[in-house]
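Colleague: Sequence plus the predicted model coming up.
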Amino acid sequence: MIQGIILGREGSISRKPGDVSGLEDAANGALAHRRKRAPAQLSEREIEIMQCLRKGKSNQEIGRSLAISAYTVKNHLQRIFRKLAVFNRTHAVSKFFMADQAPEA
C-alpha cells in the first residue's frame with residue numbers, strides 16, 4: 001500500500017479519486033516480502049546492549065558499563081525492538097539469542 005501511495009504521489013500511477021483497486025493486493029505483497037526478509041542485523045553497540053540485557057542489567061547499569069547515558073540505552077533498545085519486531089526486553093533476548101544470530105560473549 002505504501003508503495004502504491006508513493007508511486008501515486010510521484011505520478012507513476014494515475015488513479016481516479018477514490019479508486020483503491022489493487023492497493024490491497026500491493027499491500028499484501030509488500031507485507032509478505034517483509035516477512036521473508038532475513039532478520040535485521042544489529043550494530044556492534046546493539047549487540048553489546050543485548051549481551052548486557054541477557055545478564056539482566058537495567059538501563060542504568062548498561063549505560064554505566066558502556067559509558068553512555070540511560071537515555072541512549074533506551075534509544076538503542078527501541079531500535080533493537082523494531083529490528084527484531086518485539087515489544088519487550090525478555091522477548092528481544094529470547095528471539096536474538098535463541099535464533100543463533102548472536103555472537104557468543
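Modeller: Received it, and whenever you're ready, just let me know what you need.

Colleague: only C-alpha atoms for contact and neighbour calcs from this point on.
Modeller: Will do.

Colleague: where along the protein do the strands fall?
Modeller: Applying DSSP state E to the chain gives no strands.

Colleague: Low-confidence bits of it, can you list those?
Modeller: Low-confidence segments of the chain, defined by pLDDT under 70: 1-40, 100-105.

Colleague: give the contact list for R89.
Modeller: L53 (Cα atoms under 8 Å, 6 or more residues apart in numbering).

Colleague: whoops, T72 was the one
Modeller: Applying Cα under 8 Å, 6+ apart, the residues contacting T72 are G63.

Colleague: Check the gap between it and L66 for me.
Modeller: For T72, the distance to L66 equals 10 Å [Cα to Cα, to the nearest Å].

Colleague: same thing with I47?
Modeller: Here I47 is placed at a distance of 12 Å from L66 (Cα to Cα).

Colleague: Show me which of those two is the more surrounded one.
Modeller: Neighbours were counted for I47 and for L66 using other Cα atoms under 10 Å; I47 has more, 17 against 14.

Colleague: List the buried residues of stretch 61-78.
Modeller: Across stretch 61-78, burial judged by 16 or more other Cα atoms under 10 Å covers E61, I62, G63, A70, V73, H76, L77, Q78.

Colleague: ugh, typo on my part, it should be stretch 41-52
Modeller: L42, E46, I47, E48, I49, M50, Q51, C52.

Colleague: okay, those residues in CSV with distance to F97 next?
Modeller: Conversion of the buried residues of stretch 41-52 to CSV gives the following (distance: Cα to Cα, whole Å):
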residue, distance to F97
L42, 12
E46, 13
I47, 10
E48, 12
I49, 12
M50, 9
Q51, 9
C52, 12
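
Colleague: Which ones among these map onto helices?
Modeller: Using DSSP state H, the members of the buried residues of stretch 41-52 that fall in helices are E46, I47, E48, I49, M50, Q51, C52.

Colleague: quick one: the fifth one and V93 touch, right?
Modeller: Which is M50. Yes. Using Cα atoms under 8 Å, M50 is in contact with V93, at 6.6 Å.

Colleague: What residue spans form the domains of the protein?
Modeller: Split into domains by automatic domain parsing, the chain comes to 2-36, 44-98.
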